[in-house]
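Q: Would you be able to build a 3D model of this:
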Amino acid sequence: MKITRRHHPLRDRELEVLIQQGKTLLVVRLPDGSAMRMPRAWTDADGSAVPEELSVTCVYTPDSLRELLGLVDALRARHPCPSAAGVCYGPSVRRDHGHSANVAPDPEPGATT
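A: The predicted model follows:
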């Protein structure tokens with residue numbers, strides 16, 4: 001079996017499959033003799049490698065992006081933004097100079113209070 005996952009340090013290396021764990025995981029023997037679990041989708045174990053042009057760096061799927069949008073919409077519904085520009089900062093969001101929006105910045109060194 002060969003690793004086909006883009007950017008994997010052992011990409012294109014032939015490894016021995018020791019165990020198949022269900023339909024999605026394999027246990028493979030690494031070059032140093034140790035074993036590692038690996039997603040079957042990262043290999044050509046099914047006889048089909050992903051063409052290079054389809055092996056993109058983005059790991060998001062349309063479904064995962066839709067799920068993320070649903071989460072953002074739900075959060076916005078819980079805390080509507082009064083700003084016309086649609087940009088709101090919650091009480092713990094950091095703004096300029098790394099200071100929290102609800103905490104006064106530390107005084108300058110040598111300053112008196």
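Q: For the rest of this, base every contact and every neighbour count on C-alpha atoms.
A: Noted.
Q: Report the helix or strand with the lowest average pLDDT across this protein.
A: Counting by mean pLDDT, DSSP states H and E, the chain has its least confident helix or strand at helix 62-78, which shows a mean of 89.
Q: Can you show me the strands along this protein?
A: Per DSSP state E, the chain carries strands over the ranges 16-21, 25-29, 35-39.
Q: Just name the most buried of the ones you listed.
A: Highest mean neighbour count among the strands of the chain (mean count of other C-alpha atoms under 10 Å): strand 25-29, with a mean of 18.
Q: Show residues contacting that one.
A: 15-21, 35-40 (C-alpha atoms under 8 Å, 6 or more residues apart in numbering).
Q: among those residues, which two are most distant?
A: 15 and 21 (15.9 Å; C-alpha to C-alpha).
Q: Looking at the strands of the chain, spot the one closest to residue 7.
A: strand 35-39 (14.4 Å).
Q: what's the angle from that closest one to strand 25-29?
A: Angle of strand 35-39 versus strand 25-29, following axes from the mean of the first three to the mean of the last three C-alpha atoms, to 10 degrees, is 150 degrees.
Q: in the sheet, who's paired with the nearest residue to residue 37 once chain neighbours are set aside?
A: The spatially closest residue to residue 37, leaving aside those adjacent along the chain, is residue 27, at 4.3 Å (C-alpha to C-alpha, 6 or more residues apart in numbering). Beta bridges link residue 27 to residue 19, residue 37, judged by DSSP bridges.
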